[in-house]
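Student: What shape does this take:
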Amino acid sequence: YLVETKAGRFLVDCGMVQGSREAMARNREPFAFDVGTIDFVLLTHAHIDHSGLLPKLARDLVEWHDEGTDLPYLHFTASVDESKALNQIRSGAIIISASGMCNAGRIRHHLRNNLARPQCSILITGYQAEGTLGRRLVDGAPVVRIFGDEIPVNASVHTLNGFSAHADQAALLEWTSYFKTAPKQVFVVHGEAKAAKEFSGLLKNRYGWKTLVPEHGQTVTWNPQTQRLES
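Tutor: Below you'll find the model as predicted:
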C-alpha cells in the first residue's frame, strides 16, 4: 500500500492480503509506481513467509540501486554497534525495527531509550498478544518494565489497527470452504480465547465439524488402531 503525504511517499508492506490468489499474483506484476520514488518502507511483519510484497520490492530496489541511484534517507543498521549508535540520535529520525510484539530484539533497547521522552512517538502495527510488552503499551500502561528497569511511558503511543500477516475469520472460512473431505478433528490453537471459541463454534454450526479449543497443557493422542483422537 503506497501512502503519499506532503512530506513524501512511503510503502507499507503489511501482508494483509497475503495468501490469496490475487495477492500472490501481485508478486509477478510490475509495481504501479517507480520504486525509486519511495522515501522509506514501513515493514510491519518481517518473517520470511509473511513478508507480502517486500521480496519483490527488494528485487526491484536492487535493480534500481545498481543503476546508480541511492536513497539518502534510508540507512540499514546491519550490526549491533550500528543499532546502539541510534541511541545517540535525539530528534529528526524514524527508527523502523522488528518488534516481536516488543518482547524481544533491538526494539526493547529502542523503547528503553525513548519511552520516557515526551517528544517521542511510538507507532505500533500488527497484533499484540495478551501478556506482551506491545499489548501493555497499546492498553495504555503508564509504566512498563524493560530489562529489569521501570520505564515511565511519557512518549505518545499510536496504533495502526488491521495490519496483520495472519488470516482473519473471513479468510479462514474461505480456506475451509475448499475442503472436499471433512477433517476428523479441528483444533483451534492460534488466537485469543474468546475469538478461538467463537471460531470453533462457527465451524461446528456451518460444517458440523468436530472442533476443540485445547486448554493449556492439554494432551491429545492419535490412536492409529481406532483412527480416533483421544484427549
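Student: any low-confidence regions in this protein?
Tutor: Residue ranges of the chain with pLDDT under 70: 1-33, 35-72, 162-165, 226-227, 230-231.
Student: Domain ranges for it, per the record?
Tutor: 2-160, 169-230 (automatic domain parsing).
Student: mind listing what Ser83 touches?
Tutor: The neighbours of Ser83, taking C-beta atoms under 8 Å, 6 or more residues apart in numbering as the test, are Thr77, Arg106, His109. Every C-beta, even on glycine, is put in place using the N, C-alpha and C of the backbone.
Student: and the last one, that's in a strand?
Tutor: Spelled out, it's His109. No. Looking at His109 with DSSP: H, G, I helix; E, B strand; the rest coil, it is helix, so not inside a strand.
Student: roughly how far apart are Asn113 and Ile96?
Tutor: To Ile96, Asn113 is 15 Å away according to C-beta to C-beta, to the nearest Å.
Student: Can you show me the strands along the protein?
Tutor: Ranges of strands in the chain, per DSSP state E, are 2-5, 8-13, 40-43, 121-125, 143-146, 149-152, 156-160, 186-187, 211-212, 221-223, 228-230.
Student: Now for the closest residue to His166 other than its chain neighbours, how many residues are close by?
Tutor: Spatial nearest neighbour of His166, excluding adjacent residues (C-beta to C-beta, 6 or more residues apart in numbering): Tyr127 at 7.2 Å. Around Tyr127 sit 19 other residues, with neighbours defined as other C-beta atoms under 10 Å.
Student: for Asn103, same thing?
Tutor: 15.
Student: and the nearest residue to it once chain neighbours are set aside, what does it touch?
Tutor: Nearest non-adjacent residue to Asn103, counting by C-beta to C-beta, 6+ apart: Thr132, 5.0 Å away. Counting by C-beta under 8 Å, 6+ apart, Thr132 touches Met101, Cys102, Asn103.
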